[in-house]
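In: Sequence isn't available, so here's the structure alone:
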């Protein structure tokens, strides 16, 4: 058989006829397989990086504080903190029309039980009471203490800081102390992002006394000592405060679900829902969503509305709810949900306080 003028045997002809196409297709197929393998390796690497990122973000979202100490002062006339907590849980109403700090009659509000005429003396006494309840002797000397003063009052910030430092100095604490400028629950989110591995404790001191607008207000004071779960071992925690989630009022359901994811928490085990620092629009949204996850099993009598029973506690409102919820979680050994407002921005913060977990937090 002749091809291109050359004599080719039949065997060689068929070898060329089938061998050349086979070789071409084999090369093309091999190249496709190599390209597919390279793409698969790239995709697998992306999936692994994505899984690593998801795991890192999940661990980050599920960071939480140890609640080490709480102290509450409100307008309730009670003998001890157990009676105060019971009054809060039972929604005992203490707001009524009376004379405010400026001498105006018939103002609906609740006042701290202090008859001192000078606001500076009232605040000084409150600070001393709050500090006296702190477990300062159990805090190691090498622990850094970051203090946030979240105050709403007609008294200036400079005067408030001076009164605090005067009160603090009387207790002779030797700890390294830093006053941090911050307001609202946003400090919790910031701390969990940046200081979770610091050998530091966060002390939030919140106070409302003689607010600028006294109508429907509540005077209250709170001290909340928080520790990092990865670092703090000196004080036995009473509860865990999980990362709060902010959301616009109309997206409250999403904020509640995210707060539950940050724990995580099962359906139907939240015992109480604490509401504090809400305006009318925010409260209306809470009413719409209060039976959504994770508070669908909370009975109406277990919804604690501090704004209705005490008045709006201003800067102290979110911290009052968190501190009271922490004490209740310790007593009941059941999770507590908090939805609170913010005096610095138009958002609702959703968070959960749970009984102390035995496992150590994993973090990256």
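Out: Cool, got the structure. Everything quoted here is computed from the prediction, not taken from an experiment. Numbering: from 1, shown residues only.

In: Look up how far residue 87 lies from residue 77.
Out: The gap separating residue 77 from residue 87 is 9 Å, by Cβ to Cβ, to the nearest Å. Backbone N, C-alpha and C define where each C-beta goes, glycine included.

In: Compare these two (neighbour count), which wins?
Out: For residue 77 versus residue 87, neighbours defined as other Cβ atoms under 10 Å are more numerous around residue 87 (18 against 10).

In: and that one, what does it touch?
Out: Contact analysis of residue 87 by Cβ atoms under 8 Å, 6 or more residues apart in numbering lists 76, 78, 94.

In: Now the most centrally placed residue in the chain: closest residue in space that isn't a chain neighbour?
Out: Centroid-nearest residue in the chain: residue 244, 2.7 Å away (criterion: Cα atoms, centre = their mean). Closest residue to residue 244 apart from its sequence neighbours, by Cβ to Cβ, 6 or more residues apart in numbering: residue 351 at 3.7 Å.

In: where does the one you found land in three-state SS?
Out: Three-state call for residue 351 (DSSP: H, G, I helix; E, B strand; the rest coil): strand.

In: Surely it touches residue 240?
Out: No - if you go by Cβ atoms under 8 Å, residue 351 and residue 240 don't touch, sitting 10.7 Å apart.

In: more neighbours, the two?
Out: For residue 351 versus residue 240, neighbours defined as other Cβ under 10 Å are more numerous around residue 351 (31 against 21).

In: Could you check how far residue 221 is from residue 228?
Out: 25 Å.

In: what pLDDT does the residue nearest to residue 244 get?
Out: We have a pLDDT of 97 for residue 351.

In: related to what we said a few turns ago, how about the contacts made by the residue nearest to the centre of the chain?
Out: Taking Cβ under 8 Å, 6+ apart as the test, what residue 244 contacts is 185, 188-189, 259, 349-351.

In: quick one, which of residue 221 and residue 228 is more surrounded?
Out: Each of residue 221 and residue 228 has its neighbours counted (other Cβ under 10 Å); residue 221 has more, 26 against 22.

In: Tell me where the stretch 51-200 of the chain has strands.
Out: Using DSSP state E, counting those that start in this stretch, the strands found in the stretch 51-200 of the chain span residues 64-73, 96-98, 107-110, 144-152, 176-180, 200-208.

In: got these as a markdown table, with mean neighbour count columns?
Out: Below are the strands of the stretch 51-200 of the chain laid out as a markdown table (neighbours: other Cβ atoms under 10 Å):
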| stretch | mean neighbour count |
| --- | --- |
| strand 64-73 | 24 |
| strand 96-98 | 11 |
| strand 107-110 | 20 |
| strand 144-152 | 20 |
| strand 176-180 | 13 |
| strand 200-208 | 25 |
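
In: and of the ones you listed, who's closest to residue 270?
Out: Closest to residue 270 of the strands of the stretch 51-200 of the chain is strand 64-73 (Cβ to Cβ; 15.9 Å).

In: what lines up beside that closest one in the sheet?
Out: Strand pairing for strand 64-73, using DSSP bridges, gives strand 220-228 (antiparallel), strand 239-242 (antiparallel).

In: Let's have those strands in TSV, adding mean pLDDT.
Out: As requested, the strands paired with strand 64-73 are arranged in TSV below (pLDDT from 0 to 100):
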stretch	mean pLDDT
strand 220-228	97
strand 239-242	97
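
In: any weak-confidence spans in the stretch 51-200 of the chain?
Out: Residue ranges of the stretch 51-200 of the chain with pLDDT under 70: 51-56, 58, 172-174.

In: what's the burial count for residue 57?
Out: Neighbourhood size, residue 57 [other Cβ under 10 Å]: 11.

In: any idea how far residue 261 is from it?
Out: Counting by Cβ to Cβ - residue 57 and residue 261 are separated by 11 Å.

In: mind listing what the residue nearest to residue 324 when sequence neighbours are not counted touches?
Out: Leaving out its chain neighbours, the residue that sits closest to residue 324 by Cβ to Cβ, 6+ apart is residue 88, at 5.2 Å. Contact analysis of residue 88 by Cβ under 8 Å, 6+ apart lists 74, 76, 304, 306, 309, 324.

In: Could you single out the nearest of the contacts of residue 87 to residue 133?
Out: residue 78 (14.8 Å).

In: and the closest residue in space to residue 107 that isn't next to it in sequence, how many residues sit next to it?
Out: Take residue 107 and drop its neighbours on the chain: the residue closest to it by Cβ to Cβ, 6+ apart is residue 100, 4.4 Å away. If you count neighbours by other Cβ under 10 Å, residue 100 ends up with 19.

In: wait, residue 100 sits on residue 214?
Out: Yes - shown here, residue 100 and residue 214 form a contact pair, counting by Cβ under 8 Å, at 4.2 Å.

In: Mutual contacts of the two, please.
Out: Listed as contacting both residue 100 and residue 214 by Cβ under 8 Å, 6+ apart are 107, 109.

In: before we move on, back to that, out of the contacts of residue 87, who's the most crowded?
Out: Counting by other Cβ under 10 Å, top hit in these: residue 76 with 20 neighbours.
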